[in-house]
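*Asks:* Prediction below, plus the sequence it came from.
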Amino acid sequence: MAMMHGGSARLERVWLLPVAAASVGLFVVAETVGAPLGASAIANFSDYANKATATAPALIQLAAAAMMVRVLLMRVPDPFRQMQLICLSRFGNGWLLAAACLPFLLMPLLFSGFGILKMLIPVAAPFSWDATFAAADRALFFGYQPWQLTHALFGGEIPTLIIDRLYTGWIAFLSLAIAWAAVSASRYDRARFFLTFTAVWIVLGVVGATMLSSAGPCFAAAVGADPDGEFAPLMVRLAVMGDSLNAVGWQQVLWDAHVARRYGFGMGISAMPSLHNAIAVLYALALSRRSRALGRAGWIYAAVIWIGSVHLGWHYAVDGLVAAAATIGLWTLAGRYLAHFGYSPDLGWLHPEASGAPALAP
């Protein structure tokens, strides 16, 4: 198709409608499947919506501050008029406004549906792949489990605590990433990010996790998948630091909920493929589109998340490797899909006049 011109703002629907359909569809499926079992996507959505509402004011203030700093750095004669122009270029007609605002509703729907289906994975597909993935790790690391390497390199309490906090910080970055992609990223980057982001949660987090149902090293013994006790020393090391590590407390909470069949916000056990690793890789891919420096920072963070997922007992190393490869594949497919509809990788924002919005008076 021909290259999309700046005035074709309504073509935001090329990515927005599939993302909306997938998010709503997953939510409906989760409610239909989960409600009879006492796992309501509607109840789960209220929890995610409350979290989103609580963080929204801070995110809006941060976005406004970033915009103001950007305008001041431009050294224009009238910075307030420049801010108006920027707002018109980004939110100046119905499709552009929808593309900026709807992700804040659609992503909680997506997370709610995913969360319910993740909690139901052991019901539909009992954990059966842990031994296979543990063996794969052993083969990749020449007869050792990768946690033995990470703890040999930085197994002290302080390095482990730092890794634990960086790993936990992944959750906070979700809100920041969604806000950045919806409001600040270029039109092309926004479209590619949300297409890939949505696909990761559904294709990897639901379909892949069900097909490759596994609990992870921290739960391997509990599900009968660690007869030789390969992960027992790891769990002992973590337990010694248990009071200071978020991972140890959360692992106990998740296991207690799993045993009691208690369905709630943030619960559910699934190791392969790792969404922590997948989303971190997506951040790196998106940041690499902005600059080399940001891209390097993104890949360093993705590496830290991969190491942390093993170091803290959450995942097998292959969980992260498969997640990374699949995410790069989905990112590539999203790029080809957008190219088919004329999205150029250098597509930025519209001039206010091109967006269909009224121009400002001089």
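*Replies:* That came in fine, so what should we check first?

*Asks:* What helices and strands are in contact with the strand or helix carrying residue 332?
*Replies:* Element membership for residue 332, per DSSP states H and E: helix 317-340. Applying 3 or more Cβ pairs under 8 Å, 6 or more residues apart in numbering; DSSP states H and E, we find helix 317-340 packed against helix 130-140, helix 187-199, helix 275-288, helix 292-311. Quick note: C-beta positions are derived from backbone N, CA and C, even for glycine.

*Asks:* Which among those helices is found nearest to residue 155?
*Replies:* The minimum distance between residue 155 and the helices and strands packed on helix 317-340 falls on helix 292-311, with 8.0 Å, by Cβ to Cβ.

*Asks:* Now do the closest one against helix 275-288: the angle between them, please.
*Replies:* 170 degrees (axes from the mean of the first three to the mean of the last three Cα atoms, to 10 degrees).

*Asks:* and the host helix or strand of residue 238, what does it pack onto?
*Replies:* Using DSSP H and E, residue 238 falls within helix 232-240. Applying 3+ Cβ pairs under 8 Å, 6+ apart, one finds that helix 232-240 contacts helix 146-154, helix 217-220, helix 246-259.

*Asks:* picking up where we left off before, now the helices and strands packed on helix 317-340 in JSON lines, with mean pLDDT, mean neighbour count and distance to residue 32?
*Replies:* Compiled in JSON lines, the helices and strands packed on helix 317-340 are given as follows (pLDDT from 0 to 100; neighbours: other Cβ atoms under 10 Å; distance: least, Cβ to Cβ, whole Å):
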{"stretch": "helix 130-140", "mean pLDDT": "96", "mean neighbour count": "18", "distance to residue 32": "29"}
{"stretch": "helix 187-199", "mean pLDDT": "95", "mean neighbour count": "24", "distance to residue 32": "19"}
{"stretch": "helix 275-288", "mean pLDDT": "97", "mean neighbour count": "24", "distance to residue 32": "23"}
{"stretch": "helix 292-311", "mean pLDDT": "96", "mean neighbour count": "19", "distance to residue 32": "32"}
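
*Asks:* Assign residue 227 to helix, strand or coil.
*Replies:* coil (DSSP: H, G, I helix; E, B strand; the rest coil).

*Asks:* Now for it: which residues touch it?
*Replies:* By Cβ atoms under 8 Å, 6 or more residues apart in numbering, the contact set of residue 227 is empty.
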